[in-house]
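Undergrad: Could you work out the structure for the sequence below:
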Amino acid sequence: MNEIMNQISWQIESLKQLFRRVSFFSMEQEIYPGGRTCQELLNHIVLLPEADYRLSQGASKEEIDQFTHYWQKELTSTEMLEARLDLSFSILKDAYKELEPEELMVKTTSYWGAKYNQKEWLLVILTHLSHHRSQLYTFLKTEGEQIDVKLFE
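TA: Next comes the predicted model:
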């Protein structure tokens with residue numbers, strides 16, 4: 001579990017570096033035609049560790065929608081985005097520290113029907129972060145940003 005948490009931590013630090021490369025003018029740009037805006041993507045990323053953990057605990061679609069709706073109006077600066085990402089990861093780490101080994105094997109089902117144990121959910125979170133980090137990186141590159149952020153160690 002520590003190895004997966006270390007990888008998530010590394011991704012979060014690289015995400016924060018990418019956040020600092022987003023210009024004010026890029027925030028309302030769609031990351032691809034018909035897709036989320038950059039601001040929407042950033043809001044999604046910073047809530048992801050906590051939101052996906054909530055999903056792993058059986059949160060309903062309505063609960064997740066309410067959670068994300070509340071936070072999207074609060075995240076208005078790079079500093080706030082970084083702080084919320086740190087909080088989201090801290091909540092995830094603290095929750096996993098409390099799990100007993102047998103609890104890691106308990107499977108839960110998401111509202112859309114995916115069924116994973118807690119170890120698998122942690123891998124889902126890692127993969128989900130990787131996916132959106134790549135989206136942000138690609139968006140910034142297409143916007144002409146010079147990026148010196150390493151995506152892999």
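Undergrad: Please name the residues that touch the residue located most distally from the centre of the chain.
TA: Within the chain, the residue lying farthest from the chain centre (CA atoms, centre = their mean) is residue 102, at 26.1 Å. For residue 102, the contact set (CB atoms under 8 Å, 6 or more residues apart in numbering) is empty. (Each C-beta comes from the backbone N, C-alpha and C, glycine too.)
Undergrad: From the chain's centroid, how far away is whichever strand or helix holds residue 137?
TA: Residue 137 belongs to helix 118-142 when assigned by DSSP states H and E. In terms of CA atoms, centre = their mean, to the nearest Å, the centre of helix 118-142 is found 7 Å from the chain centre.
Undergrad: ditto for stretch 70-85
TA: 12 Å.
Undergrad: Now that stretch: buried residues?
TA: By 16 or more other CB atoms under 10 Å, the buried positions in stretch 70-85 come out as 71-72, 75, 81-82, 84-85.
Undergrad: Where is pLDDT lowest across those residues?
TA: Across the buried residues of stretch 70-85, the smallest pLDDT goes to residue 75, namely 75.
Undergrad: can you pull out the strands in the protein?
TA: Counting by DSSP state E, the chain has strands at residues 107-109, 115-117.
Undergrad: Include mean neighbour count when you put these into a markdown table, please.
TA: Listed next are these as a markdown table, based on neighbours: other CB atoms under 10 Å:
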| stretch | mean neighbour count |
| --- | --- |
| strand 107-109 | 13 |
| strand 115-117 | 13 |
